[in-house]
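Undergrad: Sequence and computational prediction follow.
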Amino acid sequence: MAKNHNEITIFRAGIKIVVYTFKSWPIALIIFLLIALSVGVMNGLNIWVMQYAFEAVTEMNLGLHSINWTILPLILFIGFIVGQSLLATIRYLCWAVIHDRTHGYMCKQVALKTAKLDPILFEDPKILDDINRASEATHKVFWVANIIITIFIQHLPMYLIMSVYLFTLNPILIFVIILAFVPKILSQVIRAKLYTDLEERSAPLRRESDFYEEAMVDRQYFKETRLLGAFGFFKEKYFKVIKLLNRETWKADARAATFDLVAEALTAAGYFGILYLLFISLRDGSITAGAFAAVLASVSQLIAHIDFLITGCFANVAEDIGKINYLIRFFDLPEKIGADVEVNWSGDIEFKNVNFTYPNAKKPSLKDLSLTIKAGETIAIVGENGAGKSTLIKLLLGLYEPTSGEIVVSNQNLQNIMPQRLFTGASAVFQKYQRYQMTLKENLQISTVNTNRDVLLALEKAGVEWESCSYPDGLDTMLSREFDGVDLSGGQWQRISIARGLYRQHDLIVLDEPTAAIDPLEESRLYKKFYEITKDKTAVIVTHRLGSAQIADKIIVLTNGQISEIGTHQELLEQKGHYTLMYESQMSWYIS
């Protein structure tokens, strides 16, 4: 996606932006369009009203008409000024309201789209950069939409009306105005290219700076950062990236400013040409003094409008269109689709010649893997770091799809199931669990809210002592000091994550290193209890502690992405293979 950033034209981007805005609030946008059109028409007609008032005052001074003849033109002139001011105020209020509504709508659409993407996309750094750019663009949608509306609904009618007026006076005036602003238009086209390229270069740097900033100030990192004295390390890297980011921005700004300066000089020359033509027309009597004053004021107003349109509106579009393009391409990313049927996780699970390679990886993580997990079986997956254990789990749960081969559950190919249905009936507890800043009860109910499932039973199975002093408000205890709640130890949080996995209705449950923060004795007790409560369900355990793997009906040993051994604990020990070496190595730590 990042390589094809020029494929989306400005025209297509503009259409998409208006469509997004319309979907967010149709009625409000229609009202906003009518107000913008009214402002444009009034601004255009203002030149006639201005000439009418100037000529009435001039004729009154010459004694050609009485003061009563002058009152109506002046009232009309003042009415136009007040009306324009009133409409401009209403337009701004509408802009503020619709902008907030559109931003919220776009954030929601980005979240919904993200949920439908193939999870493997998040393993590609280029895609992460593009998603970062798309998120940055959500608050720019109505900003750019407003500019499009300003150009075509408000300014265009005004220019057409004023052009007709100027043409009746002197046709050359139109061409002089157009030629005066062609350089500015060209400079903004160049500016758009400069800032689109800048966005391409700056997204990775911005993502890197966000990480370093988080490492310095985020609560998740502060203990280790302060204790190890790493603040200075991250600060140095942060300022280095910021310096690179500022350098790229300065280069783009300097080049854009150079083109703007040249355009301003040429525009000034055009403006003097317009003044000269007006003076010549007044001298030879082709226009009246009132027309001269009206045209002079209106041309100055017109030039100010065009200058704002080009250097203000177009400049903002030029800087934001890069982000908008990535937002559009983000919505164009292919979604993971499939049949609208539920997976029967209570049946057998088969891996058939499965291969898997991560994006941009040089070698596969899993190679020609074939495996059958019987219904109701408890399987333990062991192996050294990098053997492919977590990758196998992600494939098993349908988070990732095999590069080749297939995974079949109850005679259903997981690749043919739509994501919304794929995970129904499956649960998991991961080593990198989430600490949700909500109540204890809500931490369990995030997957199945509004059900009659027993929260207390899940807490009991996971060994969470919710009636202890650690939870002063019981199930309603807020688990976050930031929200006037309590903080828990790593072991307590890990038990809550296990309870969350057990609470979800499931026929398959996966435990991917969920007991790293729990002591070995408690882990052994928890696994034995886990084995008892999952007797009628399929369970898969990933663990480094081979003593805990003994509860499994079958142990799978992974080595370099392939199954090297398979069997019960006793069978594997008798084979005197890789499992035996790992087991004896761990035993040596406990036996002196």
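TA: Great, that's in hand. Numbering: from 1, shown residues only.

Undergrad: helix or strand right after the one helix or strand in the chain whose mean pLDDT sits lowest?
TA: Across the helices and strands of the chain, mean pLDDT, DSSP states H and E gives its lowest value to helix 222-227, namely a mean of 67. Heading C-terminal from helix 222-227, the first helix or strand you meet, by DSSP states H and E, is helix 231-283.

Undergrad: Now do the same for that next one: mean pLDDT, whole number.
TA: Averaged across helix 231-283, pLDDT comes to 81.

Undergrad: Please apply the same query to stretch 187-200.
TA: In this model, stretch 187-200 has an average pLDDT of 74.

Undergrad: cool, stretch 472-488 as well?
TA: In this model, stretch 472-488 has an average pLDDT of 89.

Undergrad: where are the low-confidence patches of the stretch 251-400 of the chain?
TA: By pLDDT under 70, the low-scoring segments of the stretch 251-400 of the chain are 310-316, 318-319, 322.

Undergrad: Kindly recompute the last result at 90.
TA: The stretch 251-400 of the chain contains residues with pLDDT under 90 at 251-343, 346, 359-362, 384-386, 390, 398-399.

Undergrad: where do the helices sit along it?
TA: Secondary structure of the stretch 251-400 of the chain by DSSP state H, counting those that start in this stretch: the helices cover 289-307, 315-332, 389-396.

Undergrad: tell me which residues in stretch 397-408 are buried?
TA: 397, 398, 399, 400, 401, 402, 405, 407, 408 (16 or more other CB atoms under 10 Å). Glycine gets a C-beta too; all of them are placed from N, C-alpha and C.

Undergrad: any chance of the helices of the stretch 251-400 of the chain in CSV, with distance to residue 178 too?
TA: As requested, the helices of the stretch 251-400 of the chain are exported to CSV (distance: least, CB to CB, whole Å):
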stretch, distance to residue 178
helix 289-307, 10
helix 315-332, 20
helix 389-396, 60
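
Undergrad: Nearest to residue 512, out of the ones you listed?
TA: Nearest to residue 512 among the helices of the stretch 251-400 of the chain is helix 389-396 (5.3 Å), distances taken as CB to CB.

Undergrad: And that closest one, what does it pack against?
TA: Contact analysis of helix 389-396 by 3 or more CB pairs under 8 Å, 6 or more residues apart in numbering; DSSP states H and E lists strand 349-356, strand 366-373, strand 378-383, strand 508-512, strand 538-542 as its packing neighbours.

Undergrad: tell me the contacts of the residue most central in space within the chain?
TA: Nearest to the mean C-alpha position of the chain, by CA atoms, centre = their mean, lies residue 135 at 2.5 Å. Residue 135 sits next to residue 110 when contact means CB atoms under 8 Å, 6 or more residues apart in numbering.

Undergrad: could you dump the helix or strand in which it is found to CSV, C-alpha only?
TA: According to DSSP H and E, residue 135 maps onto helix 125-137. Extracted as CSV, the C-alpha positions of helix 125-137 are listed here (Å, rounded to 0.1, in the frame of the first residue of the first chain):
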residue,chain,number,x,y,z
PRO,A,125,5.7,-2.7,9.4
LYS,A,126,4.6,-1.0,6.2
ILE,A,127,1.0,-1.7,6.9
LEU,A,128,1.4,-0.5,10.5
ASP,A,129,2.8,2.8,9.1
ASP,A,130,-0.2,3.1,6.8
ILE,A,131,-2.6,2.4,9.6
ASN,A,132,-0.8,5.1,11.7
ARG,A,133,-1.3,7.6,8.8
ALA,A,134,-4.9,6.6,8.5
SER,A,135,-5.6,7.2,12.2
GLU,A,136,-3.9,10.6,11.9
ALA,A,137,-6.3,11.5,9.1
